[in-house]
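Student: Sequence and predicted structure, then a few things I'm wondering about:
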Amino acid sequence: MKKGLLAAALAVMLTLTACGGAESDRSAEDLPRLVIASDNYKPYSYVGPNGNLIGVDVDLATEACRRLGYAPEFCQIVWENKDAYLSSGQADCLWGSFTMTGREDLYQWAGPYLYSRQMVAVRANSDIHTLADLAGRRVAVQATGKPEALFLTSSAPGVSQVEAVYAFSTMDEVYACLRKGYADAIAGHENALRLFLDSSPGSYRMLDEILDVSQLGVAFQKDTHKELAQALTQTLAEMESDGTTRAILTRYGLDADRALGVTP
């Protein structure tokens, strides 16, 4: 089951825009380009109705690049191959709800610029009501994401050993795993799970307990782009201070206070 879904996802993802393709804005052709890689992770980065990438992180990156004098070039990648894109130079950075917490020494980071709660969702009629109830259950997550690490290392607070962890390339596959009953629960960024729940009212619910709180950052290859990362960190802080980040979060229907760490 897992291998079949993963193969299908890879085929789809590889048909999407490759890193290093056409410039996103011909009017900015004289500016240095910043190739920004992410996967399809709504509401942070996803394909909009017109076929272009949109989302919270896309809007934040576009404005940050404007202020820094860069022309952003966005591309979607297979997320578990993200390090290969950085090391090969096909992408300059990873920007798409990427947790820097616990990975501080693995990349050259800009940020943190947002906070995100990692949560668990189950079917509405499930007998799972707390994180402790996940003991002996099957959990689906996105491959190489923070929830996968938490469950595989049994380091999630309040969670005993689960029966199995199913890791998929995309969140759409994770959602399908719960929808079809292959998994008892799924885990991911709260805002992404919220959209999944809203897509089928009354069918699923989110546990009240928080699995983890992540700081989100922009990741460059370790020991590279140091000055740019520092400048981007400062620019993102300025965008938060002047209300730009809050306006973008609100436009996508997110709880700005929570995403900015004002409220837990």
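Tutor: Structure received.
Student: contacts and neighbour counts: CA atoms only from here.
Tutor: Fine.
Student: And the contacts of the helix or strand harbouring Glu238?
Tutor: Here Glu238 is covered by helix 226-241, with elements defined by DSSP states H and E. With contacts defined as C-alpha atoms under 8 Å, 6 or more residues apart in numbering, helix 226-241 is touched by 64, 67-68, 108-113, 220, 245-246.
Student: buried set for the very next helix or strand once past it?
Tutor: Using DSSP H and E, the helix or strand that directly follows helix 226-241 along the chain is helix 244-251. Neighbour-count burial for helix 244-251, counted by 16 or more other C-alpha atoms under 10 Å, picks out 244-246, 248-249.
Student: Which helix or strand lies directly C-terminal to the lowest-mean-pLDDT helix or strand in the chain?
Tutor: Within the chain, no helix or strand scores below helix 2-14, which has a mean of 39 by mean pLDDT, DSSP states H and E. Using DSSP H and E, the next helix or strand after helix 2-14 towards the C-terminus is strand 33-38.
Student: Let me know the average pLDDT across that next one.
Tutor: Computed over strand 33-38, the mean pLDDT rounds to 98.
Student: That strand pairs with which strands, and in what direction?
Tutor: Using DSSP bridges, the strands paired with strand 33-38 are strand 71-76 (parallel), strand 93-94 (parallel).
Student: which stretch among these comes nearest Ile54?
Tutor: Closest to Ile54 of those, according to C-alpha to C-alpha: strand 71-76, at 9.7 Å.
Student: Run through who's touching the helix or strand just after the closest one.
Tutor: Going down the chain from strand 71-76, the next helix or strand is helix 82-88, by DSSP H and E. Here helix 82-88 makes contact (C-alpha under 8 Å, 6+ apart) with 37, 91-94, 220-221.
Student: Most tightly packed of the strands paired with strand 33-38?
Tutor: Ranked by mean neighbour count under mean count of other C-alpha atoms under 10 Å, the strands paired with strand 33-38 are led by strand 93-94, which reaches a mean of 26.
Student: Run through the neighbouring helices and strands of the very next helix or strand once past that strand.
Tutor: Tracing the chain past strand 93-94, the next element assigned as helix or strand by DSSP H and E is strand 108-123. Other helices and strands packing on strand 108-123, by 3 or more C-alpha pairs under 8 Å, 6 or more residues apart in numbering; DSSP states H and E, are helix 171-179, strand 185-189, helix 190-199, strand 204-206, strand 212-220, helix 226-241, helix 256-259.
Student: Check which residues of the first one are buried.
Tutor: Which is helix 171-179. Result for helix 171-179 [16+ other C-alpha under 10 Å]: buried residues 171, 173-175, 177-179.
Student: quick one, phi/psi of Leu150?
Tutor: Main-chain torsions, Leu150, degrees, to the nearest 10: phi -60, psi -40.
Student: For burial, what's the neighbour tally of the closest residue to it other than its chain neighbours?
Tutor: Nearest residue to Leu150 in three dimensions, chain neighbours excluded: Ala156, at 5.0 Å (C-alpha to C-alpha, 6 or more residues apart in numbering). Using other C-alpha atoms under 10 Å, Ala156 is surrounded by 19 other residues.
Student: Assign Ala156 to helix, strand or coil.
Tutor: coil (DSSP: H, G, I helix; E, B strand; the rest coil).
Student: thinking again about what came up before, can the strands paired with strand 33-38 go into JSON lines with extra columns for mean pLDDT and distance to Val162?
Tutor: Below are those laid out as JSON lines (pLDDT from 0 to 100; distance: least, C-alpha to C-alpha, whole Å):
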{"stretch": "strand 71-76", "mean pLDDT": "96", "distance to Val162": "31"}
{"stretch": "strand 93-94", "mean pLDDT": "98", "distance to Val162": "30"}
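Student: Nearest to Glu209, out of those?
Tutor: The nearest among the strands paired with strand 33-38, by C-alpha to C-alpha, is strand 93-94 at 28.7 Å.
Student: from the middle of its chain, how far away would the closest one be?
Tutor: On the basis of C-alpha atoms, centre = their mean, to the nearest Å, strand 93-94 sits 12 Å off its chain's mean C-alpha point.
Student: quick one: average pLDDT of the helix holding Glu238?
Tutor: Mean predicted confidence for helix 226-241 is 98.
Student: hey, C-alpha coordinates of it in CSV?
Tutor: C-alpha atoms of helix 226-241 as CSV (Å, rounded to 0.1, in the frame of the first residue of the first chain):
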residue,chain,number,x,y,z
LYS,A,226,25.6,33.2,5.7
GLU,A,227,25.2,36.9,4.9
LEU,A,228,21.9,36.3,2.9
ALA,A,229,20.5,34.2,5.8
GLN,A,230,21.3,37.0,8.3
ALA,A,231,19.8,39.7,6.0
LEU,A,232,16.7,37.5,5.5
THR,A,233,16.3,37.0,9.2
GLN,A,234,16.4,40.7,9.7
THR,A,235,14.0,41.3,6.9
LEU,A,236,11.5,38.8,8.2
ALA,A,237,11.7,40.4,11.6
GLU,A,238,10.9,43.8,10.0
MET,A,239,8.0,42.3,8.2
GLU,A,240,6.6,41.0,11.4
SER,A,241,7.2,44.3,13.2
